[in-house]
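Visitor: The sequence and its predicted three-dimensional model are supplied below.
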Amino acid sequence: MSEDQKQPFDFMALRKIASVISISLVVASIALLAVRGLNLGMDFTGGTSVEFEYAAAPQLDDIRSELDAAGYEQFSVQNFGADTTVLIRMAEAGNDQLAPEVTRVLEENGAELELVSSEFVGSQVGEELREDSGLGLLIALLVVLAYVGMRFQFKFGIASVVPLAHDVIIVLGVFSLFQWTFDLTVLAALLAIIGYSLNDTIVVADRIRENFRKMRVGEAWDIINESIHQTITRTINTSGTTLVVLIALYFLGGEAINNFALALIIGVVVGTYSSIYVSANLLMFMGVSRDDLIVPKKEGADDSEEEEQPPEWLNRM
């Protein structure tokens, strides 16, 4: 039997199992967010940022060890513009003695440094960031719904937005479960996940729409299966190459972007799954049909130009 005569893998046969998995993960994530919440970083809770200029480029791990030994708990250390410039962000409330105390701690090991600046960000600013970030995510989802609804059809809009919400909630649930720090870099990763997952979903949706218009044989189940089969290689290749880059970024990019890369890794994996099963599942649930997508044929149009022959395996069913 030749390759084009083989019946493709029946993705939709697993739709009920996929539904249970998705619903379970979303419910568990919402429960975790309600019970444990997120470990919000200083971008959202407020804190003090202290900038130092070193005479020679320091090892950031050494600075972290020195601050740990001094009893400081919630802080981040990163280079700021140059290898000799270090920005330390601490959860401690701002006071006149904090910056001099940190300076003394770092100088105890013989480091030559100069205090450049010390700034305190209050919790009110962090609260505004939380509200604005949540509003930004909501607006992004609504814009996607409007775009896909106009570009394809309203059912496709719903089937595109729900997987995006599914992906974001699961990523947030994982961060809540492990209490990884949620800061502005992770928020940026969530917005990137929405864009990445949407792109993958649109590719599958576009193929489903084309096949509904061109294939005159087969039910919605068969056409969606064939569409996923036609796009699965592209999906796997895109996700695989993206994951290679993100994994390298996680291990080699430094502490400042670790959580950013981690959120994207989780989002790409979940987004690849949702573009196949969550989106297609919703289309099946809403009863998408040719009537939703068929374009009225112009008078005098040749049927041969409008129709595409279905795959051999479908003709034999």
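Guide: The structure has been received and is ready for your questions.

Visitor: Only C-alpha atoms from now on, for both contacts and neighbour counts.
Guide: Will do.

Visitor: So which residues make contact with stretch 28-38?
Guide: 169-170, 172-177, 179-182 (C-alpha atoms under 8 Å, 6 or more residues apart in numbering).

Visitor: what about the closest residue in space to Phe175 that isn't next to it in sequence, how many residues close to it?
Guide: Spatial nearest neighbour of Phe175, chain neighbours left out: Leu38 (6.8 Å); criterion: C-alpha to C-alpha, 6 or more residues apart in numbering. Leu38 has 21 neighbours, counted by other C-alpha atoms under 10 Å.

Visitor: Check Ala82 too.
Guide: Ala82 is flanked by 9 other residues according to other C-alpha under 10 Å.

Visitor: Would you verify that it is located in a helix?
Guide: No - per DSSP: H, G, I helix; E, B strand; the rest coil, Ala82 lies outside any helix segment and is coil.

Visitor: confidence score at it?
Guide: Model confidence at Ala82, expressed as pLDDT, equals 85.

Visitor: OK, contacts around it?
Guide: Counted by C-alpha under 8 Å, 6+ apart, Ala82 has zero contacts.

Visitor: so where's the stretch 51-200 of the chain uncertain?
Guide: 93-94, 122-126 (pLDDT under 70).

Visitor: Please report phi then psi for the residue nearest to Phe175.
Guide: phi -100, psi 150 (degrees, to the nearest 10).

Visitor: Local confidence estimate at it?
Guide: So Leu38 comes in at 90 (pLDDT).

Visitor: does Pro29 sit in a helix, a strand or a coil?
Guide: To be clear, residue 29 is Ser; Pro isn't right here. From three-state DSSP, the assignment for Ser29 is helix.

Visitor: related to what we said a few turns ago, tell me the one of the contacts of stretch 28-38 nearest Thr235?
Guide: Using C-alpha to C-alpha, Ile170 comes nearest to Thr235 of the contacts of stretch 28-38, at 20.2 Å.

Visitor: what's the burial count for the closest one?
Guide: Ile170: 21 neighbours (other C-alpha under 10 Å).

Visitor: how does this protein divide up, domain by domain?
Guide: 12-39+125-287, 47-121 (automatic domain parsing).

Visitor: ok, and which of the ones you listed has the densest surroundings?
Guide: Neighbour counts (mean count of other C-alpha atoms under 10 Å) averaged over each of these peak at domain 12-39+125-287, with a mean of 18.

Visitor: Straight-line length of that domain, end to end?
Guide: End-to-end distance of domain 12-39+125-287: 14 Å, with C-alpha to C-alpha, to the nearest Å as the criterion.

Visitor: Measure how far that domain is from the centre of its chain, please.
Guide: Its chain's C-alpha centre and that of domain 12-39+125-287 lie 7 Å apart, by C-alpha atoms, centre = their mean, to the nearest Å.

Visitor: what stretches of the stretch 201-317 of the chain score poorly on pLDDT?
Guide: In the stretch 201-317 of the chain (pLDDT under 70), the answer is 216-217, 292-317.

Visitor: Do a quick rundown of the strands in it.
Guide: Secondary structure of the stretch 201-317 of the chain (DSSP state E, counting those that start in this stretch): no strands present.

Visitor: for it, what spans make up the helices?
Guide: Remark: helices assigned in the stretch 201-317 of the chain by DSSP state H, counting those that start in this stretch are 220-252, 258-285, 290-293, 303-306, 312-315.

Visitor: So which of the ones you listed is nearest Lys16?
Guide: In terms of C-alpha to C-alpha, the element of the helices of the stretch 201-317 of the chain nearest to Lys16 is helix 258-285, at 8.5 Å.

Visitor: what angle sits between that closest one and helix 220-252?
Guide: 180 degrees (axes from the mean of the first three to the mean of the last three C-alpha atoms, to 10 degrees).

Visitor: For the nearest residue to Gln179 once chain neighbours are set aside, which residues are in contact?
Guide: Of all residues not flanking Gln179 in the chain, Asn39 sits nearest, at 5.4 Å (C-alpha to C-alpha, 6+ apart). Asn39 sits next to 175-176, 179-182 when contact means C-alpha under 8 Å, 6+ apart.

Visitor: Which members of these are positioned in strands?
Guide: 181-182 (DSSP state E).

Visitor: For Asn211, state which of the contacts of Asn39 is nearest.
Guide: Nearest to Asn211 among these, counting by C-alpha to C-alpha, is Phe175 at 38.8 Å.

Visitor: With adjacent residues omitted, what lies nearest to Val148?
Guide: Of all residues not flanking Val148 in the chain, Gly157 sits nearest, at 4.7 Å (C-alpha to C-alpha, 6+ apart).

Visitor: okay but the one you found is in contact with Ala146, surely?
Guide: Yes - at 7.1 Å, Gly157 counts as touching Ala146 under the criterion of C-alpha atoms under 8 Å.

Visitor: Which helix or which strand is home to the nearest residue to Ile194 once chain neighbours are set aside?
Guide: Distances taken as C-alpha to C-alpha, 6+ apart place Leu164 nearest to Ile194, at 5.8 Å, with adjacent residues excluded. Using DSSP states H and E, Leu164 sits within helix 154-178.
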